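**Q** Give me the fold of what follows.
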Amino acid sequence: MTAPRDRWGERMPGLGVAAAVAAGAWLVHLAVPAVPLLTIAVAAGITVAQVPRAREALDGVLRPGLAFAARTLLRAGIVLLGLKLSLVDIAGLGWAGVATTVGVVVFAFLGTWALGRAFGLPGREPLLVASGFAICGASAIGAMAAATRARDEEQAHPVALVTLCGTLAIAVLPALWHPLGLDAEQFGHWVGAGVHDVGQVVATAQVAGSAALAVAVVVKLTRVLMLAPMVAIAASIERRRATDAAGPRPAIVPLFVAGFLAMVLVRTFVAVPDAALVAADGAQTTLLAMALFALGSGVRVAALLRTGWRAAAVGLTSWVLVAALAYGAVLVA
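**A** From the prediction side, this is the model:
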């Protein structure tokens, strides 16, 4: 058995590279605020993974640290993400706003999962694609993969697709704002309900002003809150499937999901100092940037082009489905 000190020694090269990329992504985001920091981190991982010499290091000396980042740091970042959510802010949407947002998540999830099954995506890919497109991008994919024990290679296509479509949304949705006849707040609601990652939501909604941005963030964080029940349900199903299998069964509610919910309750009922919230936000962003770089580094574009056309078809169709459902939610709310 490897000693804890030896394990940390093996992890440090990969963690160091992930931390350096997170810092670089932060600098790029400062220079170009319209590009979300976490999108930069995922894109950096995908880009580096296509370089043969770099791929040797990613699959070799860097692998232990990157695996730790993609698993443990991701879970820690999701726990801290709960501090962004206040149930009071969500209640401010009104019952119609909350109900339609939940409806978008549920129907987008089920529709995308069904598409994935219909197109014959292997293993847990339908579940992971549905999680990413319906809830909150690559973070949701990592969370669902952790809860259901999905293999690293099963995450590659979903991560690449949700990053691509979320980035496209930054340019496409503002171009449709006026043709669809939406006012600024309606546009913010549409963006919050239809764009995947929180950073991508901010980058897309800010073109319509502060009112649109405020609505978009609250709607988006309401979708993020759905991560907890969706992951818990998936983990419960996985637990039942594993009843007759060898080895320990997954927890009914994964520990990081419980931690996420605890942070939501803290933010709702405790007067957390602003300085603490700023520090937690910085830590959460850093942890997720490191984790998403690690997830992106597992994507092999050549293999994606050879075998991923079905996943691409599901992802692009899901992107349109989510946008259409979100537009309908705006009209209803």
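**Q** Please point out which parts of stretch 195-209 sit buried.
**A** By 16 or more other C-beta atoms under 10 Å, the buried positions in stretch 195-209 come out as 195-208. C-beta: built from backbone N, CA, C; applies to glycine.
**Q** starting at the chain centroid, how far to stretch 314-332?
**A** Its chain's average C-alpha position is 17 Å from that of stretch 314-332, according to C-alpha atoms, centre = their mean, to the nearest Å.
**Q** and that stretch, C-alpha only, in PDB?
**A** As requested, the backbone C-alpha atoms of stretch 314-332 are provided in PDB (Å, rounded to 0.1, in the frame of the first residue of the first chain):
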ATOM      1  CA  VAL A 314     -27.200  14.500 -29.100                       C
ATOM      2  CA  GLY A 315     -25.400  17.500 -27.700                       C
ATOM      3  CA  LEU A 316     -26.400  19.900 -30.500                       C
ATOM      4  CA  THR A 317     -30.000  18.700 -30.400                       C
ATOM      5  CA  SER A 318     -30.100  19.100 -26.600                       C
ATOM      6  CA  TRP A 319     -28.700  22.600 -26.900                       C
ATOM      7  CA  VAL A 320     -31.600  23.600 -29.200                       C
ATOM      8  CA  LEU A 321     -34.000  21.700 -26.900                       C
ATOM      9  CA  VAL A 322     -32.800  23.500 -23.800                       C
ATOM     10  CA  ALA A 323     -33.000  26.900 -25.500                       C
ATOM     11  CA  ALA A 324     -36.500  26.200 -26.700                       C
ATOM     12  CA  LEU A 325     -37.700  25.100 -23.300                       C
ATOM     13  CA  ALA A 326     -36.100  28.100 -21.700                       C
ATOM     14  CA  TYR A 327     -37.800  30.400 -24.200                       C
ATOM     15  CA  GLY A 328     -41.100  28.800 -23.400                       C
ATOM     16  CA  ALA A 329     -40.500  29.300 -19.700                       C
ATOM     17  CA  VAL A 330     -39.900  33.000 -20.200                       C
ATOM     18  CA  LEU A 331     -43.200  33.400 -22.000                       C
ATOM     19  CA  VAL A 332     -45.000  31.500 -19.200                       C
END
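**Q** what's in contact with that stretch?
**A** Contacts to stretch 314-332, defined as C-beta atoms under 8 Å, 6 or more residues apart in numbering, come from residues 96, 100-101, 103-104, 107-108, 111-112, 115-116, 119, 121, 126, 129-130, 133-134, 157-158, 161-162, 164-165, 168-169, 173, 180, 182, 186, 189-190, 193-194.
**Q** So which residues of the stretch 1-150 of the chain form helices?
**A** For the stretch 1-150 of the chain, the helices defined by DSSP state H, counting those that start in this stretch occupy 4-31, 37-48, 52-58, 63-68, 74-81, 87-91, 94-118, 125-131, 137-148.
**Q** any idea of the angle the first one forms with helix 37-48?
**A** It refers to helix 4-31. Relative orientation of helix 4-31 with respect to helix 37-48: 110 degrees, computed using axes from the mean of the first three to the mean of the last three C-alpha atoms, to 10 degrees.
**Q** any idea of the mean pLDDT for helix 4-31?
**A** The predicted model gives helix 4-31 an average pLDDT of 92.
**Q** again, but for the last one
**A** For helix 137-148, mean pLDDT is 87.
**Q** Show me how far it is from its chain's centre.
**A** Centre-to-centre, helix 137-148 and its host chain are 7 Å apart (C-alpha atoms, centre = their mean).
**Q** Tell me which other helices or strands that helix touches.
**A** Applying 3 or more C-beta pairs under 8 Å, 6 or more residues apart in numbering; DSSP states H and E, we find helix 137-148 packed against helix 37-48, helix 74-81, helix 125-131, helix 152-176, helix 227-241, helix 255-269, helix 274-296.
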